[in-house]
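# This is a predicted model, with the sequence first.
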Amino acid sequence: MSQIGCHGSVWTGVFDPESFRRSVAATVEAGYDLIEIPLLDPYSFDATAGRKAVDEYGIAINASLGLDDSTDISSDDPDAVKAGEALLNRAVDVLDELGGQWLVGVVYGALKKHMRPATASGRRNGQEVLRRVSDRAQAAGVKVGLEVVNRYETNILNTSKQAVAYVTELAHPNVYVHLDTYHMNIEESDMMNPVLDAGDRLGYVHIGESHRGYLGSGSVDFDTLFRSLKRIGYDGPITFESFSSAVVDEKLSYMLGVWRNLWDDSSDLAAHANDFIRNKIRAVDTISLH
Ligand code: MN
């Protein structure tokens, strides 16, 4: 059965021990099984304090991040490739300390609007790094998910098919496709084919609305998405992601273009999303009875 998760940016833009602890408590209070934290700077995260909060509340934890120009493992700049590998290794180590299960996101390159296509040599650099990082992650019991995002946030993986091809080239048993409905809604033909295309390589799912606000208030076809997940027997994590200018992480919010206030009340938003997701799953579960 899928664990249902909430992204930490629903609660806070900073992840010092006290804010992290409050986020964990609020995530549990809203009914979730799992918290996903942004780990763009894994060097600054206090994993020892984090582990105490995770254990106290009995919640599962995963992390997501996007690389930047200075850590772009899919670039032709050897210093950036090296710095990116070090950052990913640190993220794996933090997850290991936290007892986390997944490292996901744009871990394969810089999360930004690229002004030219990725190069073949850059792509090879990224895959070489990902093989080593995925070995380290596997040893720590951490799986790696490559998030497919829209054209304004990467020039490498914009569709599920591209991600399947990339993961097939990588040929690493610990690396999976990570789909996000917000990005699918921009780039894919519909909410069914990308899920079927990924099939058993689909390891992680982000649930986000077309404007990243309240689920059900935008144009994402969630009914088809959840039927498709059911169809392939998906049982990996499903994490709710939402951003508003009410909660600002200067690096992440600005990179994602979060300029508008779509909600003020984090607790109401999170409880609503938890119900929304669980209700959809409950409904599609009954299809097998028909
Ligand atoms: Mn996402």
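Alright, I've got the coordinates. Numbering: from 1, shown residues only.
# where's stretch 92-102 relative to the chain centroid, distance-wise?
15 Å (Cα atoms, centre = their mean, to the nearest Å).
# Contacts for that stretch next, please.
Residues from elsewhere that reach stretch 92-102 (Cβ atoms under 8 Å, 6 or more residues apart in numbering): 39, 42, 45, 47-48, 50-51, 54-55, 60-63, 103, 133, 136-137, 140-145, 203-204, 237. Just so you know, the C-beta spots here come from the backbone N, C-alpha and C atoms, and that holds for glycine as well.
# Would you mind listing what in the protein touches the ion?
D180, H206, E241 (Cβ under 5 Å from the ion).
# Stretch 222-241: end-to-end distance?
In stretch 222-241, first residue to last residue: 14 Å (Cα to Cα, to the nearest Å).
# what packs against the helix or strand hosting T168?
Element membership for T168 (DSSP states H and E) is helix 160-170. In terms of contacts (3 or more Cβ pairs under 8 Å, 6 or more residues apart in numbering; DSSP states H and E), helix 160-170 is packed against helix 120-139, strand 143-147, strand 175-180, helix 193-198.
# Please tabulate these in JSON lines, including the columns mean neighbour count and distance to L111.
Formatted as JSON lines, these follow (neighbours: other Cβ atoms under 10 Å; distance: least, Cβ to Cβ, whole Å):
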{"stretch": "helix 120-139", "mean neighbour count": "18", "distance to L111": "13"}
{"stretch": "strand 143-147", "mean neighbour count": "26", "distance to L111": "9"}
{"stretch": "strand 175-180", "mean neighbour count": "26", "distance to L111": "12"}
{"stretch": "helix 193-198", "mean neighbour count": "20", "distance to L111": "20"}
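# and those as CSV, adding distance to L98 and mean pLDDT?
Below are the helices and strands packed on helix 160-170 laid out as CSV (distance: least, Cβ to Cβ, whole Å; pLDDT from 0 to 100):
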stretch, distance to L98, mean pLDDT
helix 120-139, 13, 98
strand 143-147, 14, 98
strand 175-180, 19, 98
helix 193-198, 27, 98
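# re the thing from before, just the buried members of the contacts of stretch 92-102?
Using 16 or more other Cβ atoms under 10 Å as the burial test, the contacts of stretch 92-102 include 39, 42, 45, 47, 50-51, 54, 60-63, 103, 133, 136-137, 140, 142-145, 203-204, 237 as buried.
# ok, the residue in the stretch 51-200 of the chain positioned nearest to the ion - contacts?
Nearest residue of the stretch 51-200 of the chain to the ion, counting by Cβ to the ion: D180, 3.7 Å away. Applying Cβ under 8 Å, 6+ apart to D180 gives the contacts E147, V148, V149, V205, H206, I207, G208, E241.
# my guess is the fifth one meets T239, correct?
What that stands for is H206. Yes: the criterion here is Cβ atoms under 8 Å, and H206 meets it with T239 at 5.5 Å.
# shared neighbours, these two?
Residues touching both H206 and T239 (Cβ under 8 Å, 6+ apart) are H7.
# if we can go back for a sec, out of the contacts of D180, which is most surrounded?
Greatest neighbour count in those, by other Cβ atoms under 10 Å, goes to V148: 29 neighbours.
# Against G203, how distant is that residue?
V148 sits 12 Å away from G203, going by Cβ to Cβ, to the nearest Å.
# Please enumerate the shared neighbours of the two.
Shared contacts of V148 and G203, defined by Cβ under 8 Å, 6+ apart, comprise V177, H178.
# Helix, strand, or coil at A53?
Following DSSP: H, G, I helix; E, B strand; the rest coil, the label given to A53 is helix.
# for it, what are its contacts?
Taking Cβ under 8 Å, 6+ apart, we find A53 in contact with P17, F20, R21, V24, A25.
# now, among the residues of the chain next to the ion, which is nearest to S266?
Lowest distance from S266 to the residues of the chain next to the ion (Cβ to Cβ) belongs to E241, with 13.1 Å.
# what residues are up against the closest one?
Counting by Cβ under 8 Å, 6+ apart, E241 makes contact with H7, S9, E36, D180, Y182, H206, I207, G208, R212.
# before we move on, back to that, got a markdown table for the helices and strands packed on helix 160-170, with distance to F226 too?
Output for the helices and strands packed on helix 160-170, formatted as a markdown table (distance: least, Cβ to Cβ, whole Å):
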| stretch | distance to F226 |
| --- | --- |
| helix 120-139 | 28 |
| strand 143-147 | 19 |
| strand 175-180 | 13 |
| helix 193-198 | 10 |
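# Against E36, how distant is Q101?
When distance is defined by Cβ to Cβ, Q101 is 10 Å away from E36.
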